[in-house]
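Participant: generate a structure from the sequence data that follows.
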Amino acid sequence: MPDQTPNLDAAALRRYSRQILLEEVGVARQQKLAAAKVLIVGAGGLGSPAALYLTAAGVGTLGIADLDIVEEHNLQRQLLHTTDSVGQAKVESAAATLRALNPLVKIVPHPKGITAENAVELFTHYDVIVDGTDNFAVRYLNNDAAYFAQKPLVHGSVFKFEGQVSVFDPASGGPCYRCLFPAPPAAGSVPGCGEAGVIGALCGIIGSMQAMEVIKLITGCGETLRGRLLTYDALSHQVQTIAMARNPTCPLCSQHATITGITPTRYAPTCENVNPTLMNHSEHPLEISVTEAHALLQNAADDTVVLIDVREPFEVELCRVEIARHIPMRQVPEQLDELSKDHHLLIMCHHGGRSQRVAEFLRAQGYPAVTNVAGGIDAWAVEIDSTLTRY
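Facilitator: As a prediction, the model looks like this:
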């Protein structure tokens, strides 16, 4: 974090007065914000709320890296841009909005975006990196470059009605993104928001959480999500946090690292713009319907197909599929040894968001036959067993 803390003039004191009134902030920590430099990668659904709130909060310098232009379908969730911005470079549209919001903040556009050639050098000029990207290639590049630049990375992602937030900061003893997901998913296994859809308000929630993590990192107030993964289910307003330790075999930040630098070919796009129907060609697709899951369980000759319910205990008390094994999402990492890689694991939650994360996590841990049950137990109650209580 920045060492020099500039004095706040009268204009700054007036603008940030409600924030300064907080005992946890005060003038001293507001000065830390004014001295800080934050880079937001992606001026889209997550980058928009993060940039707006960090600019409003008085971060001294805010960089925006994005090489895209504004398109009409962006406007449903990317609040930095307006209808008049369509066709403009996102960084220019974002810069105009942010400068109008707070002229005391220095806004620095990076129109070339983040590349394997510029990432590490660019990151070294900032104190905190915010990942607001929506594709795996850049997400892994951000993680790796932040590690080599020794900068904390505030991660955020959204999928349908679920989002997740964490702080990856190996330089301070925390895990990196590869500790959780060592490698990107196979091509076609995870559809992007252009195929699966996304709710704009969810981007606002997750992006605002990212802004809050940045503020805590800079000011030192509160407890950050370093070493924890927060997941948010918008349909049920449930928040879960999973403790994450450094992975002793992480390919990036462990003593046995195999990634020792930024190699451009490693970050070539592998799973964007792939037709999601390709998922069905796999023997064990990443996601199936409740009807397909029920049929698999009915037709299995023995216990080779296992249904795992990752909801919280209080949810299971409301309703449950009797044959399901219950492992709360936060306990999955510590119960890996109890799960067989020879079984086909069907993962279920309330609506399918948390179970999607667990399915991705298990595949990243080397479990080849893991499938998310789309729609979760709510869809099961509608399509399979109407006696189940819906909540």
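Participant: strands of the stretch 51-200 of the chain, residue ranges please.
Facilitator: Counting by DSSP state E, counting those that start in this stretch, residue ranges of the strands within the stretch 51-200 of the chain are 61-65, 106-110, 128-131, 153-159, 162-168.
Participant: turn these into CSV, including mean neighbour count.
Facilitator: Bear in mind the C-beta positions are built from the backbone N, C-alpha and C, glycine included. As requested, the strands of the stretch 51-200 of the chain are arranged in CSV below (neighbours: other C-beta atoms under 10 Å):
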stretch, mean neighbour count
strand 61-65, 25
strand 106-110, 17
strand 128-131, 28
strand 153-159, 25
strand 162-168, 26
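Participant: ok, which of those comes nearest residue 32?
Facilitator: Distance to residue 32, taken as C-beta to C-beta, is lowest for strand 128-131 among the strands of the stretch 51-200 of the chain, at 11.7 Å.
Participant: direction included, what does the closest one pair against?
Facilitator: According to DSSP bridges, strand 128-131 forms sheet pairs with strand 37-41 (parallel), strand 153-159 (parallel).
Participant: give the rounded mean pLDDT of that strand.
Facilitator: When pLDDT is averaged along strand 128-131, the result is 98.
Participant: what are the C-alpha coordinates of it, in PDB please?
Facilitator: As requested, the backbone C-alpha atoms of strand 128-131 are provided in PDB (Å, rounded to 0.1, in the frame of the first residue of the first chain):
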ATOM      1  CA  VAL A 128      -4.300  -3.100  -6.000                       C
ATOM      2  CA  ILE A 129      -5.600  -4.900  -9.100                       C
ATOM      3  CA  VAL A 130      -9.300  -5.500  -9.600                       C
ATOM      4  CA  ASP A 131     -10.300  -8.300 -11.900                       C
END
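Participant: chain center to it, what's the gap?
Facilitator: With C-alpha atoms, centre = their mean, to the nearest Å as the basis, strand 128-131 stands 12 Å off its chain's centre.
Participant: on that earlier part again, least reliable of the strands paired with strand 128-131 going by mean pLDDT?
Facilitator: Mean pLDDT values for those show the minimum at strand 153-159, a mean of 95.
Participant: per-residue pLDDT of residue 356, please?
Facilitator: Turning to residue 356, the model gives it a pLDDT of 87.
Participant: that one belongs to a strand?
Facilitator: No: applying DSSP: H, G, I helix; E, B strand; the rest coil, one finds residue 356 to be helix, outside a strand.
Participant: my guess is residue 72 contacts residue 86, does it?
Facilitator: Yes: here residue 72 reaches residue 86: they are 5.5 Å apart, a contact under C-beta atoms under 8 Å.
Participant: out of these two, which sits in the busier spot?
Facilitator: With neighbours defined as other C-beta atoms under 10 Å, residue 72 and residue 86 compare such that residue 86 has more, 15 against 11.
Participant: distance-wise, check that one relative to residue 114.
Facilitator: With distances taken as C-beta to C-beta, to the nearest Å, residue 86 is found 23 Å from residue 114.
Participant: which neighbouring elements make contact with the top helix by length along the chain?
Facilitator: Determined from DSSP state H, the single longest helix within the chain is helix 200-219. Under the contact criterion of 3 or more C-beta pairs under 8 Å, 6 or more residues apart in numbering; DSSP states H and E, helix 200-219 touches helix 26-35, helix 47-57, strand 128-131, strand 153-159, strand 162-168, strand 228-233.
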